[in-house]
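Undergrad: from the sequence below, what's the structure:
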Amino acid sequence: MSNLDKTPVVEALRQVVADCYAIIGLTHVCHWNVRGPSFFTLHNAFEAQYTELFVATDEIAERIRALGSLAPGGLETLAKMSGIAEIAEDAPAEEMVAHLIRANEKLVGDLGKARAAAAEASDHESEDLMIARTQVHEKTLWMLRSFLGN
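TA: Purely as a prediction, here's the structure:
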């Protein structure tokens, strides 16, 4: 990594990209393997979530590039950076939703750190991007929690 990659904003954005990729992967596994009475509802919801998140992650990675740094890549690298555990392919639907809640909570925390780093650096574009992503993931959390009844 160059010196630019060590700025707090870029480090925080790189973490967000890693988290997002982990959640894309988790949500895909859940989409493919969900079973039970809520199959259609969850199958469609998971697809909508990973599709939207893939586009958003690209925007964040391109923001990193616009700041003169390199976006992280490689599944092994992204998995290590995210620290988000995988889910068993045969997990019941409720466990899938609970796991996605925990993953999205971690992401919201890392989005907050990135927003704060961007605010500190007067990088209003990155700050705005993190605020918008936080709103999306807070809504996702609301929907997932509502599914579980909490």
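Undergrad: so where's the chain shaky on pLDDT?
TA: Low-confidence segments of the chain (pLDDT under 70): 1-5.
Undergrad: which parts of this protein are strands?
TA: With strands called from DSSP state E, the chain shows none.
Undergrad: how close does the residue of the chain most remote from its centre get to Arg145?
TA: The C-alpha centroid of the chain is most remote from Pro37, which lies 26.9 Å away (C-alpha atoms, centre = their mean). Pro37 is 19 Å from Arg145, where distance means C-beta to C-beta, to the nearest Å. From N, CA and C alone the C-beta is placed, and that goes for glycine too.
Undergrad: got the contact list for Leu129?
TA: Contacts for Leu129 (C-beta atoms under 8 Å, 6 or more residues apart in numbering) come out as Glu59, Ile60, Arg63.
Undergrad: repeat the analysis, applying 6 Å as the threshold.
TA: Residues near Leu129 by C-beta atoms under 6 Å, 6 or more residues apart in numbering: Arg63.
Undergrad: how about Arg35?
TA: So Arg35 contacts nothing (C-beta under 6 Å, 6+ apart).
Undergrad: what's the answer for Val16, then?
TA: With the criterion set at C-beta under 6 Å, 6+ apart, Val16 makes contact with Ile60, Asp110, Leu111, Ala114.
Undergrad: all helices of this structure, in order?
TA: For the chain, the helices defined by DSSP state H cover 8-33, 39-66, 75-82, 93-120, 124-148.
Undergrad: winner for burial among those helices?
TA: Burial of these is given as mean neighbour count (mean count of other C-beta atoms under 10 Å); helix 8-33 ranks first at a mean of 22.
Undergrad: chain center to that one: distance?
TA: 4 Å (C-alpha atoms, centre = their mean, to the nearest Å).
Undergrad: equivalent analysis for stretch 130-144, please.
TA: With C-alpha atoms, centre = their mean, you get 10 Å for stretch 130-144.
Undergrad: please work out which residues outside that stretch touch it.
TA: So stretch 130-144 is contacted by Val97, Leu100, Ile101, Asn104, Leu107, Val108, Leu111, Ala114, Arg115 (C-beta under 6 Å, 6+ apart).
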